[in-house]
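[1] Can you look at this prediction? I've put the sequence above it.
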Amino acid sequence: MTAVPVLETRGITRDYVSGGMFGGARTLRALKGIDLKVERGQTLAVVGESGCGKSTLARIITMIDAPSGGELLIDGERVDIARDGVSRDLRRKVQIVFQNPYGSLNPRQKIGDVLAEPLKLNTAMPAGERRDRAMAMLLKVGLKPEHFNRYPHMFSGGQRQRVAIARAIMVHPVLLVLDEPVSALDLSVQAQILNLLQDLQDEYHLTYVFISHDLSVVRHVADDVMVMNLGEAVEYRSRDAIFASPEHPYTRTLFAATPQISVESIRDRVARKAATRSQTGGSAGQIV
Amino acid sequence: MPLLEVRNLSVSFDVAAGQFFAVQGVDLSVDTGEVLAIVGESGSGKSVAMLAVMGLLPPIARVTADVLRFEGRDLLAMSARQRRDLSGSEMAMIFQEPVASLNPCFTVGFQIEETLREHTSLGASARRARAVELLTQVGIPEPEERLKSYPHQMSGGQCQRVMIAIATACNPKLLIADEPTTALDVTVQKQVLDLLLRLQAEHGMALVLITHDMGVVAETADRVIVQYNGRKMEDTDVVSLFESPKSPYTRALLAALPENAKGGRLPTVSAFAVGAEAQE
């Protein structure tokens, strides 16, 4: 399987129909024909603002929702969940990690059981082995043996996200969809989780679809970047190309709105502010 | 004389194991016309310190300070009524979740006018006119029509604009914005920050921005205070903060920014994160 991409979509569309019981039905096209292709071990970042359809795309790739039109290919195989449903093997291949780890963990399930559950559902492994595997994965994602019998509420946000990632890779997926995995985390914890994701990608040769609204994170993790706006992929190129010269006006707007943290740009801003203050003439211009 | 002067501020809560200090011995001052950013991660006490200044903490919080003065007036010696008169008129605050900060049962016009009713002697028609003026000022199109809207009929960015209109209704001297753009998209974030800075410059008020986002700090602040675990780590101007941070925590925090990553791995704030993550 040299050249077969792990994930390919061809003209994926998704319609949401609202109303229609008595009045006319209104159709909202959330995805307007998305084409993408991700090779094994690569990371595709999908960037966009709320309502652009990036999470809808994530749900379709993960086979939670069926697309309204177009083709979804996983490992070169055509998948149609509306017609065939999803086989266990397909479920095993594609896993997802959500933004809010607390919302995606059962509060009454111990962490050890959270991790063993995917094996119980997807394999015929005996209980003892499931437990051993769960413990090994717990240690792999940087948690400790004593965490095995604890409940989700006893963990911090970063630790919970580690659990969610561990659960997703328990069944050795080839493709991991990460829907805003670090958006709810503090900066220092964000760095730890991004490092963990990178280590896991190297070790298991994982393929990532990384959904984010944060361009600085995207720049750090992505090989390719797809910028979405109103259900369309307005720009889809390699990371270096897109960051070097954004072509689409929307991409440029997005880049321009992203705060600059370089010392030069801060100096510029402070100088501009001092200039306008002295221009508008005021004793208010006294900064320390 | 600084507009707001705080010395040795501590806020503690009684917990089963004794006392928990959310803020410990923080000194800070804010001058008129200044944009001060208070930056820190969750649990650093950045919001609690400002809630203490506003007098918005629940009674179980123990607030102590050597000095807590607004325009030379001692906030600690004031009665609850006096502080209530002060907040909303001379000092005002906006919060992270604009949709949750507005009352879903009343129109935004009613909620803007409520502040004016409380703090000014304007008549009904003058209040309405002022509300229209405020909505225009915060950049909401068709202000007369929008006064009749309920919060759920507006987007998150528009709700934050309404919150800003309410907070600036009485031309406060100090505006505290607690993570005002965290729940918003980047393009909307830029618009809201631009609006805050414009109002700040036009009215010459002091703006305290509480944030965890170094990007927001870089784009807005004159001066920055870095907080960690309830303590102040650094207090410096914005250029020095990014150019030559003095505290090891600030350095670690800046190094953890993906923008500053050299090569593959991000350095983590491990030496400091030990306290938070490894306690469990």
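    Structure's in. What do you need?

[2] Distance from the chain centre to stretch A:256-274, please.
    Taking C-alpha atoms, centre = their mean, to the nearest Å, one finds the center of stretch A:256-274 at 30 Å from the center of the full chain.

[3] Could you confirm whether any residue of stretch B:18-38 contacts chain A?
    Yes. Judged by C-beta under 8 Å from any C-beta of the partner chain, stretch B:18-38 and chain A are in contact via B:32-34. To be clear about C-beta, it is placed using only N, CA and C from the backbone, and glycine gets the same treatment.

[4] which parts of that stretch are buried?
    For stretch B:18-38, the buried set under the neighbour-count rule, 16 or more other C-beta atoms under 10 Å in any protein chain shown, comprises B:21-24, B:26, B:28-38.

[5] Among those, name the ones in strands.
    Using DSSP state E to define strands, the subset of those located there is B:21-24, B:26, B:28-30, B:35-38.

[6] Which pair in the residues you listed has the greatest spatial separation?
    Set against one another by C-beta to C-beta, those have their most distant pair in B:21 and B:35, with a gap of 27.9 Å.

[7] returning to what we had before: out of the buried residues of stretch B:18-38, give me the two with the largest separation.
    Farthest pair in the buried residues of stretch B:18-38 (C-beta to C-beta) is B:21 and B:33. Separation: 32.2 Å.

[8] where exactly do the strands run in the stretch 101-250 of chain B?
    Ranges of strands within the stretch 101-250 of chain B are B:174-178, B:206-211, B:223-228, B:231-237, based on DSSP state E, counting those that start in this stretch.

[9] okay, those in TSV with distance to residue A:22 next?
    Formatted as TSV, the entries for the strands of the stretch 101-250 of chain B read as follows, by distance: least, C-beta to C-beta, whole Å:
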stretch	distance to residue A:22
strand B:174-178	45
strand B:206-211	48
strand B:223-228	56
strand B:231-237	62
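
[10] mind putting the ones you listed in a markdown table, mean pLDDT and mean neighbour count included?
    Supplementary listing: the strands of the stretch 101-250 of chain B in a markdown table, determined by pLDDT from 0 to 100; neighbours: other C-beta atoms under 10 Å in any protein chain shown:
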| stretch | mean pLDDT | mean neighbour count |
| --- | --- | --- |
| strand B:174-178 | 95 | 25 |
| strand B:206-211 | 96 | 25 |
| strand B:223-228 | 95 | 24 |
| strand B:231-237 | 94 | 19 |
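
[11] Please convert those strands to CSV, extending it with distance to chain A.
    Written out in CSV, the entries for the strands of the stretch 101-250 of chain B read as follows (distance: least, C-beta to the nearest C-beta, whole Å):
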stretch, distance to chain A
strand B:174-178, 15
strand B:206-211, 10
strand B:223-228, 7
strand B:231-237, 6
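
[12] and the closest residue to residue A:261 other than its chain neighbours, what is it in contact with?
    Closest residue to residue A:261 in three dimensions, ignoring its sequence neighbours and counting by C-beta to C-beta, 6 or more residues apart in numbering or on different chains: residue B:218, at 4.4 Å. With contacts defined as C-beta atoms under 8 Å, 6 or more residues apart in numbering or on different chains, the neighbours of residue B:218 are A:259-261, A:265-266, A:269, B:238, B:242.

[13] Residue A:128: which of these is nearest?
    Using C-beta to C-beta, residue A:261 is the member of these that lies nearest residue A:128, at 50.6 Å.

[14] And the pLDDT for residue 151?
    Answering for chain A, as no chain was given. For residue A:151, the model assigns a pLDDT of 93.

[15] not quite, I wanted chain B
    Predicted confidence (pLDDT) at residue B:151: the value is 93.

[16] Over to residue B:43?
    84.

[17] and it, how many neighbours?
    Residue B:43 is flanked by 17 other residues according to other C-beta atoms under 10 Å in any protein chain shown.

[18] Tell me if I'm right that it and residue B:227 touch.
    No. Under the criterion of C-beta atoms under 8 Å, residue B:43 is not in contact with residue B:227, lying 9.7 Å apart.

[19] what's the burial count for residue A:14?
    Residues lying near residue A:14 (other C-beta under 10 Å) number 22.

[20] From the contact counts, what lies against the host helix or strand of it?
    Assessed by DSSP states H and E, residue A:14 sits inside strand A:7-18. The helices and strands touching strand A:7-18, judged by 3 or more C-beta pairs under 8 Å, 6 or more residues apart in numbering or on different chains; DSSP states H and E, are strand A:26-38, helix A:54-61, strand A:69-74.
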